[in-house]
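J.: Prediction below, plus the sequence it came from.
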Amino acid sequence: MSELPRSSLPELAAISSAARRRLSRVSRVLIVVIGALYLAWQPVMQRLSPGAWDPLALRASIFILSCAAAAASLLPRGRRHLLRIVHAMAGVVTLHCFTVVAVNRLEPGYLAGLFVLLAAGGLLFFTLESMLGYGSFTVLLATVAAIFSDAPGNARVFLWVGVLTVEGVLTLSAYRRVIAQRALLGELEESERRFRELAMGAPVGIYRCDMSARCTFVNQEWCQLAGVTPEEALGGGWAAAIHPEDRERCHKMWQEAGEYGIEWECEFRFLHQDGRVRWAYSRATIAVGEFGARERVGMTIDITERKQAEESLKRAKELAEAATRAKTDFLAKMSHEIRTPMNGVLGMLELALETPLAPDQKDYVDTARASAAALLGIINDILDVSRIEAHKLQIEAVPFSLRQLLDASLKPLNQLARSKGLAFEVDVGLHVADGLVGDALRLQQVLVNLVGNAIKFTRQGGIRVTVVQGHADDSGVKLCFSVRDTGIGIPAHRLSSVFEPFTQVERVGAMSGTGLGLTISLQLVELMGGKIRVKSTVGSGSVFHVDLLFPRADVDPESLASSTVKSTGRFQSPPNRLRVLVAEDNAVNARVVRHFLEKVGSHVTVVETGRAALEEALSADYHLLFLDVQMPEMTGVEVCRAIRAHEKVSGGHRPIVMLTAQAMKGDREECLAAGADDYVTKPVTRRTLLSVIARLMDQGAFGYSSDHVSPASEPRDPTSQESSEVAAQNAESDDAVLDRADLLARVDGDLRLLAELVRLFVMERPALLQAMEISLRDGNAQDLAGAAHKAKGAFANLSASLSLQAATELELLARRGDLAPATDVFLRLRAQVERLEAELRALTQDDRAA
């Protein structure tokens, strides 16, 4: 048998002691009750005849009462049970005794003595009200018994006693009710007084209303906040203080709260008589009023300062967002102004490297090219930061091969590290998943930034890149990328600031830079839903950890490899000749596209109308189609739809790329909905075309394999579509009608191509201007929009930004049907085109002279 815990023994002792005390009290009461009953009834029992009195009933009652009292003393709440039992058994005994007296003709003296003894005994153990209640019930029953027992004398006595007892009960009960009501009324008055004192001294507005929103009380603070007097606020007047624009809303919320029996809570405005507005927050709960009716008691506080602070924060946020947009726009414009001549510099340097050069000259040109590429990288970093801050950078989710991505990203860095005499190791666990879904290009950018920094700040030792797989389940795979170096390290007090823009631990010699690499890496990792951490010891090196979660890619290895090539921006030149159809009604644009495609070994066919493009596409087998959006006879969108409809019957799929001079709202969606595979904005560059081909070059697109791939010479395109769009949307800072450096870069320094483009433009110029002039004269907005759109492509390819801007403005006016200001725009465009033609002629003459 297990022993009780020590802690329970004192509790048991306390319980036993309380039970003993309770039993002792009950026992004392029982002794007094039993003794009094025996003393009272002994003379009666001696006077009664033996047949009329049954002592067993009395003894049984006393015995049952004793047992019940003893049991009640041991039960929880025993005292309450004991009182109930005592009252019940006393009533039984008293009824028995009175009945015996009633049926036997006793002398009045004995009867009076009986009443006196019972009254004295009852007052010792019962309240007056309960004793009279028992007495009235007992005496009335005894009266009935006396009548039926042929004892009229006893009946009259008992009847009078019963009537007096009932009247006493009623009188006492009424008196007690009056006393109780007066006491309750006094308590209510005291409670009301305390409530008003507290409410009047409260620092917030206090009010009380019935459920129909009629006000019964307001304190002074509420009146000051609402701008009304207490008399004006009572009844329905308080609602008039609420601002008219908020009044209906508050009333509706009050009704809904009443219907559902919930708290009322609302923010609204008080309109003062002098026109001042104060914001308030109010909350009211349901309470029970003086006569049991439901009411609402609530408080109201002044939140004007909080609202003003919120408004200030909102304005500050809007100003900050406007400043960010202005900064982003400024960077975009400046990047175009800087990248355009830089593009020309890089193009000329690349052309110079293809010419015979002395060793010293080649070294000079290589150094200049590397410096220009570094400057371009800085500009691109700044643009990345601005795009991320403006929330314009989107994270893609495409399948890719992790190991191929690491191989493509880290091979050039491996060569760079070894050229500095540093060891370079890459360790990817055998069990690390390879097929993943995510933004491979952004992951590559993060790794290149981290590893590039490690190489930059490491003088001796080496760099180690590890990839470890963490938790993996159906939702994805958690990977940890670590880049460890033995470089200069980062002081502890600088660890928290290494991810801030334009911050570096050390800026000496070759270690200078913008300090944006880690900032961009942090922001990209956070956009991908991951975390980046750093640990470092000065003089021993640093280690950066990147934790990312990737879903698994459910594709075959060949498709995965092709997707990785496209995601990371690598492209290939087709091993065989691509047959390409170009549908372009502008001779300059068609010549540019044809030139770039033929340089990579493609066989190009050019048509000028949409109907000719459809017939040619259906009659010959082309690998790729470039369709201008705006063409005579049929638009590019209509041609695309017709080709896709034909393919549904005949089978197959021809890759289609749409070309447009300037992306208008909805153009891209319309082209893709028609079945186009891609969408390119003019001017078209060689890198743009190669990027498009890379995106389309999967196993089924051209019938070529993606095995022979080569990385792009730079990770980004200096003449990207984005910079072209910026150039088209923003005017030049001066009045130059021709950007010579940009034009030379567009034609890759090919002077023969440049001369041919100028010749074609000079031939087409009169027809372009005449078509716009006739449309204006006839008021034909549709033809004017088409002519302006056609001219835009030529202006874009000739780097004529002012003419491009004017043609874009003219097209927009025509599309809106607003021809009133179009004449002035056309005259300005014609003047700029005349200047442009003169500049182009001068440029070609200068080139011939050179």
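T.: Arrived safely. Model, not experiment: these values are computed from the prediction. Numbers count the residues shown, from 1 in each chain.
J.: Excluding covalently adjacent residues, which one is nearest to Glu773?
T.: Phe826 (7.0 Å; Cβ to Cβ, 6 or more residues apart in numbering). In this view, the C-beta of every residue, glycine as well, is placed from N, C-alpha and C.
J.: Quick check: Gly675 vs Arg816, distance?
T.: Gly675 is 28 Å from Arg816, where distance means Cβ to Cβ, to the nearest Å.
J.: who's more crowded, the two?
T.: Neighbours per residue (other Cβ atoms under 10 Å) separate Gly675 from Arg816, with Gly675 holding more: 18 against 11.
J.: Please identify the buried residues of stretch 609-619?
T.: Across stretch 609-619, burial judged by 16 or more other Cβ atoms under 10 Å covers Gly610, Arg611, Ala612, Ala613, Leu614, Glu616, Ala617.
J.: what's the closest of these to Leu812?
T.: Closest approach to Leu812 among the buried residues of stretch 609-619 (Cβ to Cβ): Gly610, at 22.9 Å.
J.: Look up the closest residue to the closest one, ignoring the ones flanking it.
T.: Nearest one to Gly610, counting by Cβ to Cβ, 6+ apart, is Met634 at 2.8 Å.
J.: So what's the residue count around Glu232?
T.: Glu232 - counted by other Cβ under 10 Å - has 16 other residues nearby.
J.: Mind giving me the packing neighbours of the helix or strand that contains it?
T.: Using DSSP states H and E, Glu232 maps to helix 230-233. Contact partners of helix 230-233 among helices and strands, from 3 or more Cβ pairs under 8 Å, 6 or more residues apart in numbering; DSSP states H and E: strand 215-218, helix 220-226.
J.: will you turn those into CSV that also has mean pLDDT and mean neighbour count?
T.: CSV is the format used below for the helices and strands packed on helix 230-233 (pLDDT from 0 to 100; neighbours: other Cβ atoms under 10 Å):
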stretch, mean pLDDT, mean neighbour count
strand 215-218, 86, 20
helix 220-226, 87, 20
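J.: CSV for those, including distance to Tyr260?
T.: Listed next are these as CSV, based on distance: least, Cβ to Cβ, whole Å:
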stretch, distance to Tyr260
strand 215-218, 22
helix 220-226, 25
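J.: With Lys790 as the reference, name the closest of the ones you listed.
T.: helix 220-226 (68.2 Å).
J.: Output that closest one in PDB with nothing but the alpha carbons.
T.: Taking Å, rounded to 0.1, in the frame of the first residue of the first chain, the C-alpha atoms of helix 220-226 are listed here in PDB:
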ATOM      1  CA  GLN A 220     -18.200  67.500 -19.300                       C
ATOM      2  CA  GLU A 221     -15.300  65.900 -21.200                       C
ATOM      3  CA  TRP A 222     -17.600  64.500 -23.800                       C
ATOM      4  CA  CYS A 223     -19.300  67.800 -24.200                       C
ATOM      5  CA  GLN A 224     -15.900  69.600 -24.800                       C
ATOM      6  CA  LEU A 225     -14.900  67.000 -27.300                       C
ATOM      7  CA  ALA A 226     -18.200  67.200 -29.200                       C
END
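J.: hang on, isn't Met634 packed against Leu614?
T.: Yes: Met634 is within contact range of Leu614, at 6.4 Å (criterion: Cβ atoms under 8 Å).
J.: Now the common contact residues for these two.
T.: Taking Cβ atoms under 8 Å, 6 or more residues apart in numbering as the contact rule, Met634 and Leu614 both touch Ala642.
J.: Count residues in the vicinity of Gln782, would you?
T.: The number of residues packed near Gln782 is 11, by other Cβ under 10 Å.
J.: now it: how far from Ala788?
T.: In terms of Cβ to Cβ, Gln782 sits 11 Å off from Ala788.
J.: Equivalent analysis for Gln630, please.
T.: Taking Cβ to Cβ, one finds Gln630 at 10 Å from Ala788.
J.: about what we covered before: any residues in contact with both of Gln782 and Ala788?
T.: Listed as contacting both Gln782 and Ala788 by Cβ under 8 Å, 6+ apart are Ala814.
J.: so the residue nearest to Gly610, which of the three states?
T.: Put simply, Met634 is coil when judged by DSSP: H, G, I helix; E, B strand; the rest coil.
J.: need the next SSE after the lowest-mean-pLDDT helix or strand in the chain, C-terminal direction.
T.: Averaged element by element with mean pLDDT, DSSP states H and E, the chain has its least confident helix or strand at helix 721-729 (a mean of 39). Downstream of helix 721-729, the first helix or strand assigned by DSSP H and E is helix 740-746.
J.: what mean pLDDT would you report for that following helix?
T.: Mean pLDDT, helix 740-746: 76.
J.: and it, what does it pack onto?
T.: Short answer (3+ Cβ pairs under 8 Å, 6+ apart): helix 740-746 packs on helix 304-353.
J.: Check which helix or strand Phe270 maps to.
T.: Counting by DSSP H and E, Phe270 is part of strand 264-271.
J.: other SSEs contacting that strand?
T.: Strand 264-271 sits against helix 244-260, strand 277-288, with contacts defined as 3+ Cβ pairs under 8 Å, 6+ apart.
J.: buried stuff in the first one?
T.: Neighbour-count burial for helix 244-260 flags Asp246, Arg247, Cys250, Trp254, Ala257, Gly258 (criterion: 16+ other Cβ under 10 Å).
J.: from those residues, which single one is nearest Leu751?
T.: Closest to Leu751 out of the buried residues of helix 244-260 is Asp246 (73.5 Å), distances taken as Cβ to Cβ.
J.: Correct me if wrong: that closest one contacts Phe268.
T.: Yes: the pair Asp246 / Phe268 is scored as a contact, 4.0 Å apart, by Cβ under 8 Å.
J.: what's the spacing between Leu827 and Leu776?
T.: 10 Å.
J.: more neighbours, those two?
T.: Remark: of Leu827 and Leu776, Leu776 carries more neighbours, 21 against 13, as counted by other Cβ under 10 Å.
J.: Do I have it right that the more buried one meets Phe826?
T.: Yes: Leu776 is within contact range of Phe826, at 5.9 Å (criterion: Cβ under 8 Å).
J.: hmm, back to that, out of the helices and strands packed on strand 264-271, which comes closest to Phe626?
T.: Within the helices and strands packed on strand 264-271, the stretch nearest Phe626 is helix 244-260; the backing value is 57.9 Å (Cβ to Cβ).
J.: where in the stretch 551-700 of the chain is pLDDT low?
T.: 555-577, 661-667, 697-700 (pLDDT under 70).
J.: let's see 80
T.: 554-578, 588, 599-601, 650-652, 660-669, 681-700 (pLDDT under 80).
J.: Adjacent strands (with direction) for the helix or strand in which Arg484 is found?
T.: Using DSSP H and E, Arg484 sits in strand 476-485. Here strand 476-485 has these sheet partners by DSSP bridges: strand 462-473 (antiparallel), strand 541-550 (antiparallel).
J.: Of these, which shows the lowest average pLDDT?
T.: strand 462-473 (a mean of 88).
J.: can you give me the helices for the stretch 601-750 of the chain?
T.: Along the stretch 601-750 of the chain, the stretches classed as helices by DSSP state H, counting those that start in this stretch are 610-619, 636-650, 667-674, 686-696, 721-729, 740-746.
J.: Hmm, Ala582 is touching Ala590, no?
T.: Actually, residue 582 is Val. It isn't Ala. Yes: under the criterion of Cβ under 8 Å, Val582 makes contact with Ala590 at 5.9 Å.
J.: hey, what's in contact with both of those two?
T.: Common contact partners of Val582 and Ala590 (Cβ under 8 Å, 6+ apart): Val606.
J.: Settle it for me: which of those two has more neighbours?
T.: Ranked by neighbour count (other Cβ under 10 Å), Val582 and Ala590 place Val582 first, with 26 against 23.
J.: any idea which element that one lies in?
T.: Using DSSP H and E, Val582 maps to strand 579-583.
J.: Would you mind giving the orientation angle of that strand with respect to helix 686-696?
T.: If you take axes from the mean of the first three to the mean of the last three Cα atoms, to 10 degrees, strand 579-583 sits at 120 degrees to helix 686-696.
J.: Can you spell out which helices and strands pack onto strand 579-583?
T.: On a contact count with 3+ Cβ pairs under 8 Å, 6+ apart, strand 579-583 meets helix 587-599, strand 603-607, helix 610-619, strand 624-628.
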